[in-house]
Every structure is written in structure tokens, then in C-alpha cells.
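> Below are the sequence and a predicted model; questions follow.
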Amino acid sequence: MVRELLKLGNPKLYEISENVTPEEKELVKAWAADLHDTLMEYRKTYGAGRAVAAPQIGIQKRLLYMYTDKPYIFINPVITFPDDETYTLLDDCMSFPGLMVRVTRHKRAHISYLDENFQAQTMDLEGSLSELLQHEYDHLDGILATMRAVDNKSLFTCKT
């Protein structure tokens, strides 16, 4: 089911999400389906979107959904950085379409997570996928890209 995306300023976007528990395993399937449907609807409307975090649709759980070459479900992810190399880029967000934010992100990241079967997985990320998962992971901690702006002149409007 397509869910409403919470927009910039909604207090729920600034909350820290709770871990998904093993007892919620069956709920994860429904949540992931809603995340998928919402992402696909956003793509249809805006022509963009690769991932979405559960808090963006009002589910305060540590759950990310990414669809690139195939769907990926990240339950209770933990991101670490193998080095300190960073880069600056313009970031956008489904919670504030039409706004770009200049942020600094790590070039590489390592993510540990549980998949939809609650099996431990890891993934090494670089470049745009590293940035993408860092962005989505921030949502789990109530952090928006606007809060990571490199300075007070780093917000830009764009056509949607």
C-alpha cells in the first residue's frame, strides 16, 4: 500500500527509531511492501528515488528499503566507515522534494544488517551507494540532510 511520506518539519522525522524485534518478523513483510509501493509511486511521480526509510512513512523502526537492481531490506542496520575519506555532494530527500542540500558524506561505508529472513548480512559500499545508505541510515536516528548542510548557504531549490 502506498503510504504518505512525512514531510520536512513533521516531528516524527526527528525521532530515533527502535530496533525491529524477532517477534515483528511477519510485520516486516507488510512494512517492506508498503515501503516498496511508496518508493515506486514516488519514482512514478518524480522520476527519482532509490531507497526509503521506515520513519519516512511513520513506522518508527530501524528498517530501510532500497531498490536498485533488485530489492534490499535492511533490518537493524549498523554503518561503520573503513576510513576518513569524505566528499561533498548535493543530497535530496523524498521528505522534501524540490530541495537540494550540500552535505559531506563518507566515500566508503560498511553496513551490517539482518535481511528479511533475519539472517545476518554485510555489504561494502562506495560512492553513490555509500552516500545513499548513509542518508537513509540518518533517518533512523532522526537526522535529516538539512541538518547535515555544510553551511547556511547550502540549501537549493530545484524543479520537481
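That came through fine. Residues are numbered from 1 along each chain as shown.
> Ile16: neighbour count?
11 (other Cβ atoms under 10 Å). C-betas here are computed from N, CA, C, even on glycine.
> In terms of pLDDT, where does it sit?
Ile16 is assigned 98 on the pLDDT scale.
> if I read this right, it contacts Ile143, doesn't it?
No: at 9.3 Å, Ile16 does not count as touching Ile143 under the criterion of Cβ atoms under 8 Å.
> number of nearby residues for Thr68?
Counted with other Cβ under 10 Å, the neighbours of Thr68 add up to 11.
> Quick check on it: phi, psi?
Thr68 adopts backbone torsions of phi -120, psi -100, taken as degrees, to the nearest 10.
> how about low-confidence regions in the protein?
160 (pLDDT under 70).
> Which residue ranges of it form helices?
25-46, 128-140 (DSSP state H).
> How about residues contacting the shortest one?
What it means is helix 128-140. Identification of contacts with helix 128-140 by Cβ atoms under 8 Å, 6 or more residues apart in numbering yields 13, 16-17, 50-56, 62, 64, 66, 68, 74, 77, 79, 89, 91, 93, 105-109, 111, 125, 144-145, 148.
> mind redoing it with 6 Å?
Residues outside helix 128-140 that contact it (Cβ atoms under 6 Å, 6 or more residues apart in numbering) are 17, 50-51, 53, 55, 62, 64, 79, 105, 108-109, 111, 125.
> Just the closest of those to Glu4, please.
Closest approach between these and Glu4, by Cβ to Cβ: Pro55, at 12.8 Å.
> Verify the stated contact: that closest one with Ser17.
Yes: applying Cβ atoms under 6 Å, one finds Pro55 in contact with Ser17, separated by 5.4 Å.
> So for those two, which sits in the more crowded spot?
Pro55 (26 against 19).
> What distance do you get for the more buried one to Arg108?
25 Å (Cβ to Cβ, to the nearest Å).
> Pull the contacting residues for the nearest residue to Met66 once chain neighbours are set aside.
Excluding its sequence neighbours, the residue lying closest to Met66 (Cβ to Cβ, 6 or more residues apart in numbering) is Ala51, at 3.9 Å. Neighbouring residues of Ala51 by Cβ under 6 Å, 6+ apart: Met66, Leu132, Glu136.
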